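Enquirer: I need the structure of the sequence given here:
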Amino acid sequence: MREVIEANLSKTFKGLNKDDVGKGVSLYQGKVRDVVDLGEKLIITTSDRISAFDRVLSTIPFKGEILNKMALYWFDKTSDIIENHIDKKVSARSISSMKCKVLPVEVIVRGYLTGSAWRDYKAGNAVSGITLPAGMKADQKFEKPLLTPSTKAEQGEHDMPISGEEIVKQGLVEAKLWKQVEEVAMALFERGTKLAAERGLILVDTKYEFGLKDGRLVLVDEVHTPDSSRFWYADTYQELFEAGESQRKVDKEFLREWLMDIGFMGNGESPVIPDNIRVEVAQKYIQAYELITGEKFIPESLGPEEELKLVLSSIK
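Expert: Numbering: from 1, shown residues only. You can find the predicted model right below:
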């Protein structure tokens, strides 16, 4: 598979632009996804762009296809918990979805003390307004998963932690709806934890986004993908935790750690990501897809020009 990845390093899909979709068509570009507004429906294209520390840094072969397929897998597995925004699949990287009013916060559920939560804890700070017990260790499992929301920043800016109390107080989400969001997020995390365990994995933490469609709460964006979640291998968790060693990961933390090793944490000029790192990250995404879904990854995505034509045909 490495040879296939290397052959596609120059054929990644960077996404859409306004010239592509034409005048009079609304296009929103996030860090990874491009959204075309068709009125009642949206066309959402998952590009091959990769971000870390809230900055878009490079592209990764097959990343858009992997994320799109994995999101569709999880939307199917959680559809009994909450309605999602999927209308139909357009291409390997793109979907048609219902148009929803997206809530202005990201909902992060954490099962373990790691990542930014550990960095905040080690610095003596609360985590999204939650004061944790003294004496906890890195990668320690919480007695119950924590819900730690954050504000949604503009591209290039940093998302900021916020408490549920502040979300309601500031009028970002009304109290009754926020209670429903919390309950659904915990149910989704429980389902993700269960299915991951069946694959020998731990769902460490994850991000959910929600919207409203005709007053109904709807799950949007992505679910339990390597971009929105951390996964560890379950069989070595306890041994590594007791030894104080890093966990075996199946997410994009590899890239974040490489960036931190070269001194980049989101500030200053973005570094150039070497091709060997891009290949390694692509392999991590493919490995994650196969581990989580139990299916072999066989690329079906088209090259950038063909993908663009297919997306544009769905817009017209």
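Enquirer: excluding its backbone neighbours, what's nearest residue 25?
Expert: Ranked by C-beta to C-beta, 6 or more residues apart in numbering and with sequence neighbours excluded, the top spatial neighbour of residue 25 is residue 36, at 6.2 Å. All C-beta spots, glycine's among them, are computed from the backbone N, C-alpha and C.
Enquirer: how about residue 293?
Expert: Residue 293 sits nearest to residue 73 (C-beta to C-beta, 6+ apart), 5.2 Å away.
Enquirer: residue 289 versus that neighbour, what's the distance?
Expert: 9 Å (C-beta to C-beta, to the nearest Å).
Enquirer: between the two, who's got more neighbours?
Expert: It is residue 289, of residue 73 and residue 289, that has more neighbours when counted by other C-beta atoms under 10 Å, with 23 against 19.
Enquirer: would you confirm that the residue nearest to residue 25 contacts residue 29?
Expert: No - counting by C-beta atoms under 8 Å, residue 36 stays clear of residue 29, with 10.3 Å between them.
Enquirer: what sits in contact with each of these two?
Expert: residue 16 (C-beta atoms under 8 Å, 6 or more residues apart in numbering).
Enquirer: out of these two, which sits in the busier spot?
Expert: Taking neighbours as other C-beta under 10 Å, residue 36 and residue 29 compare with residue 36 leading, 22 against 17.
Enquirer: bridging residues for that one?
Expert: residue 27, residue 43 (DSSP bridges).
Enquirer: which ones are touching it?
Expert: 16, 21, 25, 26, 27, 42, 43, 44, 45, 311, 315.
Enquirer: then residue 57?
Expert: 50, 51, 255, 259, 270, 271, 273.
Enquirer: same thing but 7 Å
Expert: By C-beta atoms under 7 Å, 6 or more residues apart in numbering, residue 57 lies in contact with 50, 51, 270, 273.
Enquirer: pull the longest helix from this protein.
Expert: Assignment by DSSP state H gives helix 175-198 as the longest helix of the chain.
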